[in-house]
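> need the 3D shape of this:
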Amino acid sequence: MKKREENRLIEQLFVTLDTTYQQVQENDEDPNKHSDIKSKIEDTLQGPKSWRTAYRIEQLMVPLLKGEILEIALSRNILRARELEQDVTRYYEDQVEAATTDRGKQALLEKLTQDLQWRREISHIRWSHINKAWAIATYFYNRGCYKDRYFRNSWKPNLTSWHIKMIRILHC
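Prediction:
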């Protein structure tokens, strides 16, 4: 993904987070409750925008969610949980049915949010490595190095298995 496209996605995520925060503020019965969390959220919303900053805001906001907003956030994250392993997804689906109080749902949403964010970070890193491997393999392929048997045999032990798979894909 190009940096400009990524920045647009981050900007949209911040718009969504800010909108959700404003909804929470409007429905807040006790504005003084969680004032430290609200202050952190407001400061973070005004600071530099990045995926990690957005993830932090998302986590900070969980204790402020109540009622329908909490239900919607939990339902949406359960749908996103399908990115996780099947057992983990099933666990969260079972826990949502068992959670009856706002605090129980908030605790579940906190953990689910962390798991989803962890999964996204792993995915970003994995794609970064795949892109680097693709660039390396393309570089050597374009220079005809794949034809040199000595080069292939001496180079393979230094590569991880997914580098080799990428080279094989390019070689076909």
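
> find me the pLDDT at the closest residue to Lys66 other than its chain neighbours, would you?
Setting aside the residues directly before and after it, Lys66 is nearest to Asp102 in space (C-beta to C-beta, 6 or more residues apart in numbering), at 5.3 Å. The C-beta positions use only the backbone N, C-alpha and C, and glycine is treated the same way. Per-residue confidence (pLDDT) for Asp102: 90.

> measure Asp102 to Ser75 for me?
The spacing between Asp102 and Ser75, counted by C-beta to C-beta, to the nearest Å, is 14 Å.

> now Glu29, what's its secondary structure?
Following DSSP: H, G, I helix; E, B strand; the rest coil, we place Glu29 in the coil state.

> how much space separates it from Leu64?
11 Å.

> those two: which has the busier surroundings?
Leu64 (21 against 6; other C-beta atoms under 10 Å).

> the more buried one is in contact with Asp28, isn't it?
Yes. Applying C-beta atoms under 8 Å, one finds Leu64 in contact with Asp28, separated by 7.4 Å.

> quick check: neighbours shared by these two?
Shared contacts of Leu64 and Asp28, defined by C-beta atoms under 8 Å, 6 or more residues apart in numbering, are absent.

> contacting residues for Tyr91?
Contacts of Tyr91 (C-beta under 8 Å, 6+ apart): none.

> ok, Thr20 next?
Going by C-beta under 8 Å, 6+ apart, Thr20 touches Met61, Ile69, Ala73.

> any regions of the protein where pLDDT drops low?
For the chain, the stretches with pLDDT under 70 are 1, 140-172.

> which neighbouring elements make contact with the biggest helix by length in the chain?
The single longest helix within the chain, with elements called by DSSP state H, is helix 102-142. Contact here means 3 or more C-beta pairs under 8 Å, 6 or more residues apart in numbering; DSSP states H and E; on that basis helix 102-142 packs against helix 51-61, helix 67-80, helix 86-98, helix 161-171.

> for the third one, buried residues please.
Read that as helix 86-98. Thr89, Tyr91, Tyr92, Gln95, Val96 (16 or more other C-beta atoms under 10 Å).

> tell me what angle it forms with helix 67-80.
Put simply, helix 86-98 runs at 160 degrees to helix 67-80, going by axes from the mean of the first three to the mean of the last three C-alpha atoms, to 10 degrees.

> then the first one?
Regarding helix 51-61 and helix 67-80, their directions subtend 140 degrees when assessed with the same axes, to 10 degrees.

> how many neighbours does Leu53 have?
Leu isn't right for residue 53; it's Thr. For Thr53, using other C-beta under 10 Å, the count is 17.
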